[in-house]
Structure formats: structure tokens, C-alpha cells
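Chemist: For reference, the sequence and a predicted model appear below.
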Amino acid sequence: MEYRAAVITMSDKGSQGLREDTAGDAVVSILKENGWIVDYRTLILDDMDKIKAELIKCADELKVALTVTTGGTGFSVRDVTPEATLAVIDREVRGIPEAMRAESMKITPMGMLSRAAAGLRGQTLIVNLPGSKKAAGECLQVVIKPIKHGVDVLRGESRDCAQMYLNHDGK
């Protein structure tokens, strides 16, 4: 199966050319290292309607298996990525942000402040990551391997979970 992804960065300053998108760069790099083809990448304002439109485009038009967002998951009044995600998904996948927060809290207690969400829209998995390069990379590394299996199941290409777990552990 070909693993196709999209990366959307939410940043008011970045979309105005005032900040480089290092988090998006890190996400693209990790995806490629793990066998994903990044078909689409964009940088947009922290705006509910724009975010929803991009998420819908990636799932419904581009039909990528995975859409990863970076930015907009904090406490700022402009941080609306989780709300936009929840507005467009059919089903939540709570374990992904839970795993990311748990791992982040091993590094910093501030990890508990992430409001990231994840869910399914049609045959696309949408995952929110933090906006910093370091945090986005750390969080994606935690979930990237299980995500591939989840996408296989979503797209009807599933393998036996128990066998995959045993192979992953090398036993």
C-alpha cells in the first residue's frame, strides 16, 4: 500500500512570512523517513474556517491516508485547530493525543496543556501536533508506527494486531 500524507501548519506569523515553518519541515522529514509520501503541504492562518476547509480538502478531494497538522493546539485565543478538527471528523481517535501527551509529560509537565485531537474523516486519519519543531517531532515519533497500522485497518489492508505487536517487539 502507498502511504500518502498531507501536512498543514497553522501559524499567523508563518502565513505572513514572519516566521519559518520549522515544525512543518520536521513533520515532513519524519513522515518521509517512515515511508510516507507527502503529497500536499500548506501554511495557513489560525482561522477556524480556513482550517476546516483544508482538512476537508485533504480528506475528501486529495484522499490522503493521513493529514498531520502542526500548530494551534495551545491556550491562545487563536488556537482553534482541535475545534476545527473535531468539527470535520466522523469519529475521534482519542488514544493518539493521549499517547502524545503522556510521552510529552515525561519531558515537561507542560505536555498536559496540549489540546491536540485526532480523528477519522472518511478514509483519512487527522492528527494534531504542537506548533514547535521540537514538540511536533517528539509527538509524531511516539505515534508514527501505530498510525501506519491504523491506516491499514481504516483502508481495509489490515494485518493481525497481535502478530504486528510480536513482530514489532522482535519476538
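Modeler: Yes, it's here.

Chemist: which stretches of the chain have low pLDDT?
Modeler: By pLDDT under 70, the weakly predicted segments of the chain are 18, 159-171.

Chemist: which strands and helices sit next to the longest helix along it?
Modeler: Determined from DSSP state H, the single longest helix within the chain is helix 133-154. With contacts defined as 3 or more C-beta pairs under 8 Å, 6 or more residues apart in numbering; DSSP states H and E, helix 133-154 has these neighbours: helix 22-33, strand 66-70, helix 95-107, strand 124-129, helix 161-169. Placement of C-beta: from N, CA and C, glycine included.

Chemist: run the last query once more with 6 Å
Modeler: Here helix 133-154 touches helix 22-33, helix 95-107, strand 124-129, going by 3 or more C-beta pairs under 6 Å, 6 or more residues apart in numbering; DSSP states H and E.

Chemist: Need the distance between the two termini of stretch 86-101.
Modeler: From the first residue to the last, stretch 86-101 extends over 18 Å; the measure is C-alpha to C-alpha, to the nearest Å.

Chemist: Which residues belonging to that stretch are considered buried?
Modeler: Val88, Ile89, Val93, Ile96, Pro97, Met100, Arg101 (16 or more other C-beta atoms under 10 Å).

Chemist: Reformat those residues as a markdown table; add distance to Ile51.
Modeler: Output for these, formatted as a markdown table (distance: C-beta to C-beta, whole Å):
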| residue | distance to Ile51 |
| --- | --- |
| Val88 | 9 |
| Ile89 | 12 |
| Val93 | 18 |
| Ile96 | 18 |
| Pro97 | 16 |
| Met100 | 19 |
| Arg101 | 21 |
